[in-house]
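*Asks:* task: produce atomic coordinates for the following.
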Amino acid sequence: MTGEIPRLLPRMPPHSTGCSGASFETNAAYDFVGKDHCLLAAQAFLAGADPSSPEVSPLFADFRGLPPLLIHAGGRETLVDQIRAF
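*Replies:* Residues are numbered from 1 along each chain as shown. Purely as a prediction, here's the structure:
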């Protein structure tokens, strides 16, 4: 990379690897990504790192200086509370 800010940066939803938010419980019946799956994936991804670290969780990162972000989320997704918090 040449030091330029990318115009498009595709990424999965900006969620916390700590799997927080009431929507994990309230939307569990509507989404195939449940809290158990999220915690299992987070454990493998984190490999012992702090789940609230901005290096591993964009929910806690500082995005000043980046172009505006467009994030889509369905109202019945288990991650919707984290996406709204972002």
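*Asks:* what's in contact with whichever helix in the chain runs longest?
*Replies:* Counting residues, the longest helix found in the chain (DSSP state H) is helix 35-46. Applying CB atoms under 8 Å, 6 or more residues apart in numbering, the contact partners of helix 35-46 are 17-19, 24-25, 28, 51, 56, 78-79. C-betas here are computed from N, CA, C, even on glycine.
*Asks:* try 7 Å this time
*Replies:* Under the contact criterion CB atoms under 7 Å, 6 or more residues apart in numbering, helix 35-46 has outside partners 17, 19, 24, 51, 56.
*Asks:* buried ones in that helix, by neighbour count?
*Replies:* 38, 42 (16 or more other CB atoms under 10 Å).
*Asks:* cool, and stretch 51-69?
*Replies:* Using 16+ other CB under 10 Å as the test for burial, stretch 51-69 gives 51, 56-60.
*Asks:* how long is that stretch end to end?
*Replies:* 22 Å (CA to CA, to the nearest Å).
*Asks:* what of stretch 72-82?
*Replies:* For stretch 72-82, the first and last residues are 12 Å from each other (CA to CA).
*Asks:* please apply the same query to stretch 63-70.
*Replies:* Chord length of stretch 63-70, first to last residue, is 13 Å (CA to CA).
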